[in-house]
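[1] here are the coordinates; sequence isn't available:
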Ligand code: PEP
Ligand code: MG
């Protein structure tokens, strides 16, 4: 049997165009890492930590109670490693926990979650992390161990920040956990209008990157619930108000040497890609199935920009 010899070992995407704007990929679950890496993406723009926790069927607090702090940290380290190994040395941006309480409520231990009328406006993301530094410390400990193990391609991203104060508090907790913010790449999601308006202060607080969470930025800018089908036709990531916020953030970040990126669903849409490349975004992160098209769209826009500049 010479079956092996006929195995197609060419990369799935042999014609990946060279672009100045990086094209990354969103990885929903660690198990998807291999397929994601095959796209030839320049890294992972978003790896959501909550999937590693939600998949245990327990809230973070419950998991720690059942199995202990060490096991909880190990669970996170294992999930991140699966992706970081696959992509090394390409960067992998890992977002700290960001699940709304209604999602946690389905899990073991969920009965202890607060009842909220508007979970999307409530106790989630960096708000919860800053409120429970004891639980957040386990996530940061996972990062510390990963860095110690040599995963210098891992980056830290904080969700749902509103302003420099959120950023400084998160950075201080990172330092408390034994991570040197000067040595590591870390940053924030820009997904509230406040964070877009406060970008200058956040840049001064030392972030290396700002990544647009357009799913939330659109929901909060337009006051359109992203999960409400009655207003789904009003959920428009390309609304001029959303684009104005994004454009201003990119401009300010360029002045402060802060990288910009997008990791919301809109990064997979050609119209958004055209807008972002024209504005000078540093990288675009797309869904696995969209990476290839985004790579080519970025190339087209960059070539046109180049031609226009010499005409
Ligand atoms: C976003 O808000 O665009 C985002 C990527 O985060 P999530 O979808 O997890 O809220
Ligand atoms: Mg979000």
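    Here it is on my side, so go on. Predicted, not measured: the structure shown is a model, and the values here were computed from it. Ligands and ions are numbered 1, 2, ... in the order given.

[2] just the pLDDT at the closest residue in space to residue 160 that isn't next to it in sequence, thanks.
    The shortest distance from residue 160 to any non-neighbouring residue, by CB to CB, 6 or more residues apart in numbering, is to residue 125 (2.9 Å). C-beta: built from backbone N, CA, C; applies to glycine. pLDDT recorded at residue 125 is 98.

[3] ok, now residue 311?
    pLDDT, read off for residue 311, is 84.

[4] and residue 16, by the same measure?
    81.

[5] verify the stated contact: it with residue 295.
    Yes. Counting by CB atoms under 8 Å, residue 16 does reach residue 295; the two are 5.9 Å apart.

[6] and the two? Which one has more around it.
    It is residue 295, of residue 16 and residue 295, that has more neighbours when counted by other CB atoms under 10 Å, with 26 against 18.

[7] list the contacts for that one?
    13, 16, 17, 19, 23, 40 (CB atoms under 8 Å, 6 or more residues apart in numbering).

[8] was I right to think the residue nearest to residue 160 contacts residue 131?
    No. Under the criterion of CB under 8 Å, residue 125 makes no contact with residue 131, lying 10.7 Å away.

[9] look at the two and report which has more neighbours.
    For residue 125 and residue 131, the more surrounded residue by other CB under 10 Å is residue 125, and the numbers stand at 25 against 10.

[10] now list whatever residues contact both of residue 16 and residue 295.
    residue 40.

[11] sorry, back to before: of the contacts of residue 295, closest to residue 51?
    Nearest to residue 51 out of the contacts of residue 295 is residue 23 (CB to CB; 22.5 Å).

[12] isn't that closest one up against residue 90?
    No. Using CB under 8 Å as the test, residue 23 is too far from residue 90 to be in contact (11.4 Å).

[13] who has more neighbours out of these two?
    residue 23 (29 against 17).

[14] what count of nearby residues applies to the closest residue to residue 196 other than its chain neighbours?
    Distances taken as CB to CB, 6+ apart place residue 245 nearest to residue 196, at 4.0 Å, with adjacent residues excluded. If you count neighbours by other CB under 10 Å, residue 245 ends up with 23.
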